[in-house]
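*Asks:* The amino acid sequence is not available; the structure is as follows:
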Ligand SMILES: C[S@@+](CC[C@H](N)C(=O)[O-])C[C@H]1O[C@@H](n2cnc3c(N)ncnc32)[C@H](O)[C@@H]1O
């Protein structure tokens, strides 16, 4: 999607993707990744997701990247935190408590930003991107993340003929095509979800980056 599309969604508060509570699959499957205390988790395309609070409550440091300053500022406001704001090249960095949120394009991040992040949480990030951007996104993460690195990835699968994305439908086969050369993929489970009034399957995967 064009950046303008997302900035406008936030401007108009068309944020139906925002759950406002911890994601059920996150709560169910994250413990299986056995993250050590005080680890650092990267949340790409983070919006103002409450899931970042889930990680902070477990003693983790959270690094997020989000295009919209409205989303980043709303997140800190809702957490009652006043961030320090600095400019780092093309990115604005907001820091307060256990959160470091970069405002800008995920493709502007580099290794230095994530050097301590051995964990990743991708909910509504990969599936927010059109097909033309997906492999670029997966390769970008693979290039900038340290090793070892594990990721919880949550996708939605539904009949794309019934509704246009985002969110885009990504089946386990498509996920495997995107990541087979980048990571070992373990299927964790699935459940049914409603997306734009139609039935979808939410799939959860644990990736171990090669
Ligand atoms: C579907 S929302 C999901 C937000 C969050 N992960 C959640 O679960 O609520 C996708 C988010 O990605 C952001 N986004 C889209 N393209 C981006 C890019 N190239 N770099 C950084 N953020 C981006 C959008 O502004 C939007 O907030």
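*Replies:* Cool, the structure landed. None of the values given here were measured: they were computed from a predicted structure.
*Asks:* average model confidence for stretch 42-49?
*Replies:* Per-residue pLDDT over stretch 42-49 has a mean of 98.
*Asks:* Quote the end-to-end distance of it.
*Replies:* Stretch 42-49 has its terminal residues 13 Å apart, counting by CA to CA, to the nearest Å.
*Asks:* wait, does it make contact with the ligand?
*Replies:* Yes: applying CB under 6 Å from any ligand atom, one finds stretch 42-49 touching the ligand at 45, 46, 47, 49. To be clear about C-beta, it is placed using only N, CA and C from the backbone, and glycine gets the same treatment.
*Asks:* Tell me which two in these are the farthest apart.
*Replies:* 45 and 49 (9.2 Å; CB to CB).
*Asks:* neighbour-wise, which of these two wins?
*Replies:* Neighbours per residue (other CB atoms under 10 Å) separate residue 45 from residue 49, with residue 49 holding more: 27 against 22.
*Asks:* can you list the residues of stretch 42-49 next to the ligand in a markdown table and add secondary structure?
*Replies:* Output for the residues of stretch 42-49 next to the ligand, formatted as a markdown table (DSSP: H, G, I helix; E, B strand; the rest coil):
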| residue | secondary structure |
| --- | --- |
| 45 | coil |
| 46 | coil |
| 47 | coil |
| 49 | coil |
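*Asks:* Mind listing what's buried along the longest helix anywhere in the chain?
*Replies:* Across the chain, the longest stretch assigned as helix under DSSP state H is helix 131-144. Neighbour-count burial for helix 131-144, with 16 or more other CB atoms under 10 Å as criterion, is recorded at 134, 137, 138, 140, 141, 142, 144.
*Asks:* Setting the sequence-adjacent residues aside, check what's closest to the third one.
*Replies:* Distance criterion CB to CB, 6 or more residues apart in numbering; nearest residue to residue 138, sequence neighbours excluded, is residue 178 at 5.0 Å.
*Asks:* near the ligand, which residues of this structure?
*Replies:* By CB under 6 Å from any ligand atom, the residues of the chain that approach the ligand are 6, 17-18, 45-47, 49, 65-68, 71, 105-106, 123-125, 128.
*Asks:* Now, of these, which are buried?
*Replies:* Applying 16+ other CB under 10 Å to the residues of the chain next to the ligand, the neighbour count classes 6, 17, 45-47, 49, 65-68, 71, 106, 123-125, 128 as buried.
*Asks:* Between these, which sits nearest residue 34?
*Replies:* Residue 34 lies nearest to residue 123 out of those, by CB to CB, at 19.0 Å.
*Asks:* which residues touch that closest one?
*Replies:* Counting by CB atoms under 8 Å, 6 or more residues apart in numbering, residue 123 touches 23, 25, 26, 49, 51, 152, 154.
*Asks:* Show only the entries of those residues found in helices.
*Replies:* Of these, the ones assigned to helices by DSSP H are 25, 26, 51.
*Asks:* and the second one, how many neighbours does it have?
*Replies:* It refers to residue 26. For residue 26, the neighbour count with other CB under 10 Å is 20.
*Asks:* cool, residue 173 as well?
*Replies:* 9.
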